[in-house]
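J.: Sharing a model that was predicted from the sequence below.
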Amino acid sequence: MNDSDRLRYLRIALVVFGVFAVVGIYPLTRLWPSSCAWHTGAYNDYALMVVAIYATLGVFLIRAARDPLANLSLIWFTVWSSVVHALVIAVQAVVNTEHLGHLVGDVPFLLVAAAVLALLTPRGTKRAALEQGAV
């Protein structure tokens, strides 16, 4: 895959993950709570807080798709915060076995999102060449 294709796929991934964060997380907490919500019930402060944070991140990921090279800090924040979030969830799910469902829901999704964005985000000389328009 050449660098311009990689950047195009990065833009697509940013939009896909951004749209999912904006409109997909809340329905999943209602439809699949054993894997996507830590508490059940009609009203849940914790779940609403997480949904609000991810929806906000989603808006910024969609905006970053316009110019990924100008938004590398946001992309890398998304990558590393997703990895850390997945690790914390995994440990909590193993320690509190009533939440084991998170090992097949949140954890894989966060790690896949982090891996896709990390693999598509240019670094070093490729990034410099893309910024200069040489590729």
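T.: That came in fine, so what should we check first?

J.: Please count neighbours and contacts with C-alpha atoms only from this point.
T.: Fine.

J.: By residue count, tell me the biggest helix in this protein.
T.: The helix that spans the most residues within the chain, counting by DSSP state H, is helix 72-95.

J.: can you list the residues that contact that helix?
T.: Contact partners of helix 72-95, identified using CA atoms under 8 Å, 6 or more residues apart in numbering, comprise 61, 64, 68, 99-103, 106-108, 110-111, 113-115, 117-118, 121.

J.: what about 6 Å?
T.: 99, 100, 107, 110, 111, 114 (CA atoms under 6 Å, 6 or more residues apart in numbering).

J.: Contacts for the next helix or strand after it, please.
T.: Next along the chain after helix 72-95, taking DSSP states H and E as the criterion, comes helix 106-120. With CA under 6 Å, 6+ apart as the test, helix 106-120 has contacts from 6, 10, 36, 79, 82, 83, 86.

J.: Find the nearest non-adjacent residue to the second one, please.
T.: When you say that, I think you mean residue 10. In this structure, residue 10 finds its nearest non-sequential neighbour in residue 120, 5.4 Å apart by CA to CA, 6 or more residues apart in numbering.

J.: Turn the contacts of helix 72-95 into JSON lines, including neighbour count and distance to residue 75.
T.: Listed next are the contacts of helix 72-95 as JSON lines, based on neighbours: other CA atoms under 10 Å; distance: CA to CA, whole Å:
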{"residue": "99", "neighbour count": "20", "distance to residue 75": "29"}
{"residue": "100", "neighbour count": "18", "distance to residue 75": "29"}
{"residue": "107", "neighbour count": "22", "distance to residue 75": "19"}
{"residue": "110", "neighbour count": "20", "distance to residue 75": "13"}
{"residue": "111", "neighbour count": "19", "distance to residue 75": "14"}
{"residue": "114", "neighbour count": "21", "distance to residue 75": "9"}
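
J.: Many thanks, have a good one.
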